[in-house]
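Visitor: could you work out the structure for the sequence below:
(one chain, ligands or ions: 1)
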Amino acid sequence: MYSKIALSIGGSDSGGGAGIQADLRTFMALKVHGCSVITCITAQNSIEVSCVEAVEKNTLLSQLDTLFSDFDINSLKTGMLLNERMIKDTASKLNNYKIAKIIDPVMVTRTGSKLLEDSAINAYKKLLLPIADVVTPNIYEANLLSGLKIKNKEDIENAAINIIGMGAKAILIKGGGLKNLKGKDFFLDSNGRKEWLLNKIVRTDNTHGSGCTLSAAICGYKALGYDLLDSIKKAKIFVEKSLENSYKIGSGPGPLGHH
Ligand code: PXL
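Guide: Numbers count the residues shown, from 1 in each chain. I've put the predicted structure just below:
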């Protein structure tokens, strides 16, 4: 029990539904020890993000150095990385770690708050996609990374090919942002292996943190030793169950019940 370690590099959600908090809840549910490198502090509840503050470079790098100097970390994921400076600093360290890296290119919350400055999109493409074992954009993020305007399944497949061309070993584009593609995600890897992954649609408004939970669960299953596609399939089932157990705590969308 708890013999594997996963690391989440991302932002704190004071509401406890997304970001680092969702990731640690996910790791715990999978019986993986969770470490965290906090990149930003957000002040948020279920309806708004009222403040975002990035940590200093030294605070970011020290968290990474201190963890890796002692722990045998098995896998890591990145979430909110706010700006180009933070992406550069993170990438400079990640290059040295020979473990599975799940890059969740967090750009905006479901309520429309920006979690990434516009100028940082190129830094994602240049610095993080080339070292990603898998990148997990939603439709909105896939549009920004690929420069396409995704409307249907065919567009998703084309965007995936485009983004794989930036150097990621694999990509999972989450279809949920399009009405007719809820629960349908597209996987493609650099060997050309591709698969549409389908899930039960869980009817709930309490979806805050579902993207974070998916990438954290992929990271957790990778830490436990599953191969990438199995980790993704298991992570999708984990999200499905957690959505079934989601609950409401404020006046907006509530968090998942990590199960
Ligand atoms: O869901 C993306 C996300 C990531 N990180 C933090 C967040 C959110 C969404 O609210 O708050 C800190």
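Visitor: quick one: the strands in the stretch 151-259 of the chain?
Guide: 170-174, 184-189, 194-198 (DSSP state E, counting those that start in this stretch).
Visitor: deepest-packed of these, please.
Guide: Neighbour counts averaged per stretch over these are highest for strand 170-174, at a mean of 26; criterion: mean count of other Cβ atoms under 10 Å. Just so you know, the C-beta spots here come from the backbone N, C-alpha and C atoms, and that holds for glycine as well.
Visitor: other SSEs contacting that one?
Guide: Judged by 3 or more Cβ pairs under 8 Å, 6 or more residues apart in numbering; DSSP states H and E, the packing partners of strand 170-174 are strand 134-135, helix 139-146, helix 153-164, strand 184-189, helix 210-223.
Visitor: what parts of the stretch 151-259 of the chain come near the ligand?
Guide: Residues of the stretch 151-259 of the chain lying near the ligand by Cβ under 6 Å from any ligand atom: 209, 211-212.
Visitor: okay, and the beta partners of residue 9?
Guide: Listed beta-bridge partners, residue 9: residue 37, residue 78 (assigned using DSSP bridges).
Visitor: tell me the pLDDT at the residue lying closest to residue 114 once chain neighbours are set aside?
Guide: Leaving out its chain neighbours, the residue that sits closest to residue 114 by Cβ to Cβ, 6 or more residues apart in numbering is residue 108, at 5.5 Å. At residue 108, the predicted lDDT confidence score is 83.
Visitor: and the residue of the protein nearest the ligand?
Guide: At 2.7 Å from the ligand, residue 19 is the closest residue in the chain, using Cβ to the nearest ligand atom.
Visitor: what does the pLDDT read for that residue?
Guide: We have a pLDDT of 98 for residue 19.
Visitor: list of residues touching stretch 149-164?
Guide: Stretch 149-164 is contacted from outside by 129, 135, 137, 139, 142-143, 145-148, 170-171, 173, 175, 178, 181, 184, 186, 188-190, 194, 196, using Cβ atoms under 8 Å, 6 or more residues apart in numbering.
Visitor: please identify the buried residues of stretch 142-155?
Guide: Using 16 or more other Cβ atoms under 10 Å as the test for burial, stretch 142-155 gives 142-146, 150, 155.
Visitor: average pLDDT across stretch 213-220?
Guide: For stretch 213-220, mean pLDDT is 98.
Visitor: residues making contact with that stretch?
Guide: 6-8, 22-23, 25-27, 30, 32, 75-77, 79, 100, 102, 104, 134, 136, 172, 174, 228, 231-232, 234-236, 238-239, 242, 256, 258.
Visitor: starting at the chain centroid, how far to it?
Guide: When distances are taken as Cα atoms, centre = their mean, to the nearest Å, stretch 213-220 is centred 7 Å away from the chain's centroid.
Visitor: what's the answer for stretch 165-174, then?
Guide: Counting by Cα atoms, centre = their mean, stretch 165-174 is centred 13 Å from the centre of its parent chain.
Visitor: stretch 147-165 now?
Guide: Stretch 147-165 sits 19 Å away from the centroid of its parent chain (Cα atoms, centre = their mean).
Visitor: just the CA trace of it, in CSV.
Guide: This file holds the C-alpha atoms of stretch 147-165, laid out as CSV (Å, rounded to 0.1, in the frame of the first residue of the first chain):
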residue,chain,number,x,y,z
GLY,A,147,-5.0,26.8,-34.5
LEU,A,148,-8.1,24.9,-35.8
LYS,A,149,-11.7,25.5,-34.9
ILE,A,150,-13.0,22.1,-33.9
LYS,A,151,-16.6,21.4,-34.7
ASN,A,152,-16.8,17.6,-35.1
LYS,A,153,-15.1,14.2,-34.8
GLU,A,154,-13.1,14.7,-38.0
ASP,A,155,-11.8,18.1,-36.8
ILE,A,156,-10.7,16.4,-33.5
GLU,A,157,-8.7,13.8,-35.4
ASN,A,158,-7.0,16.5,-37.5
ALA,A,159,-6.2,18.6,-34.4
ALA,A,160,-4.7,15.5,-32.7
ILE,A,161,-2.4,14.9,-35.7
ASN,A,162,-1.4,18.5,-35.7
ILE,A,163,-0.6,18.6,-32.0
ILE,A,164,1.3,15.3,-32.2
GLY,A,165,3.4,17.0,-34.8
